[in-house]
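> What follows is a predicted protein model with its sequence.
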Amino acid sequence: MAAAPILARRIARSGVLPLCCRPPSWDRAPRQPPGLPLAPCRAFSNNKIQVELDESSGVAMMKFKSPPVNSLSLDFLTEFSISLEKLENDRACRGVIITSTIPKIFSSGLDIMEMCGKNVEHYGEFWRAVQEMWLRLYGSNMVTVAAVNGSSPAGGCLIALSCDYRIMAENPKFSIGLNEAQLGIVAPFWFKDTFVNVVGHRIAERSLQLGSLHPAPEALKLGLVDELVPEEKLLEKASAVMARWLALPDHARQLTKSMMRKAVLDHLVAHREEDIKNFINFISKESIQKSLRMYMEMLKKKKS
């Protein structure tokens, strides 16, 4: 457990430029021509995330495997950022499909335990890891497709929003949204900007103020997800969407993506330390800590 903070600091302070500040990678390996032997499928697995890269297609599958609900803990966030960096630096990889191995849940969002009853240093380290995850995913040169196979509140929704395309399992019991307001927490400006860029200002404003969780059919109607498909066809559809995106020249797609997202990424990069301080000051308030403790007690009662 002690290794995670060290890894997080290593990512943040290694001197590696955030992906939003790097030039697009124009030299990614093209898909293997037909008739040649298939390249091997390479895999690496951490405690909470499993990654498999099919070198013949250039597509990686990233699967969350942190039961019970894929909470975004400091350990999880560190593994996520390291996994993305490995794929980004691998010339054989052009795209990544992100999904979950846990039935009915994509990710429950930020781990409440990381934000309750800890010291100021821990809060700062945790929030820097959240920032790093978003900077890498939202600014990735790869094609990113979210295969949302279950509910995805708060930080889980942010992961989906940060991808290029979102496909959700067609189940009205599954919901997605930035519901921070329900916990007495304010979604930071870069959560808000990402949400606005997907669904538009009015829908985002109403949804954020109410802390709404949208059932899958409503999420499709609002544009929060791009498609709904039967759960058993989710990965098949994600692969088909990925193939369509990878049919385009990488450099044109990457430059277009950078043009569309650069201003939002640069905004956080320019105000990163200020954002961390604001988070620490906010989360350290006794009123907020009390709200989080009450929420945790409510969860314990539901489990029992």
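Received it, and whenever you're ready, just let me know what you need. Residues are numbered from 1 along each chain as shown.
> any idea how far the closest residue to Ala181 other than its chain neighbours is from Gln182?
Counting by Cβ to Cβ, 6 or more residues apart in numbering, Ala181 lies nearest to Gly211, which is 3.3 Å off, once chain neighbours are set aside. For glycine as for every other residue, the C-beta is placed from the backbone atoms N, C-alpha and C. Gly211 sits 4 Å away from Gln182, going by Cβ to Cβ, to the nearest Å.
> for Lys48, same thing?
Separation of Lys48 from Gln182 (Cβ to Cβ): 25 Å.
> Give me the more crowded residue out of these two.
Set Lys48 next to Gln182 and count neighbours by other Cβ atoms under 10 Å: Lys48 wins out with 20 against 16.
> Can you list the low-confidence ranges for the protein?
For the chain, the stretches with pLDDT under 70 are 1-45, 303-304.
> can you pull out the helices in it?
Per DSSP state H, the chain carries helices over the ranges 3-13, 74-88, 120-138, 154-162, 189-199, 201-210, 216-222, 234-246, 250-270, 272-283, 286-303.
> Burial check on Gly150, number of neighbours?
25.
> actually Met62, not the one I wrote
So Met62, with other Cβ under 10 Å, has 20 neighbours.
> Mind listing the residues bridging to it?
Going by DSSP bridges, Met62 is paired in beta bridges with Val51, Ile98.
> can you pull the contacts of it?
Taking Cβ atoms under 8 Å, 6 or more residues apart in numbering, we find Met62 in contact with Ile49, Gln50, Val51, Ser83, Leu87, Val96, Ile97, Ile98, Thr99.
> Same question for Ser152.
Ser152 is in contact with Ile105, Phe106, Ser107, Gly109, Ile159, Ala160, Phe174, Ser175, Ile176, counting by Cβ under 8 Å, 6+ apart.
> Burial check on the residue lying closest to it once chain neighbours are set aside, number of neighbours?
Closest residue in space to Ser152, ignoring its immediate chain neighbours: Phe106 at 4.0 Å, by Cβ to Cβ, 6+ apart. Residues near Phe106, counting by other Cβ under 10 Å, number 28.
> I'd say Phe106 and Ser71 touch.
No - between Phe106 and Ser71 there is no contact under Cβ atoms under 8 Å: 11.7 Å.
> Which parts of stretch 62-79 count as buried, going by neighbours?
Buried residues in stretch 62-79, counted by 16 or more other Cβ atoms under 10 Å: 62-64, 66, 69-79.
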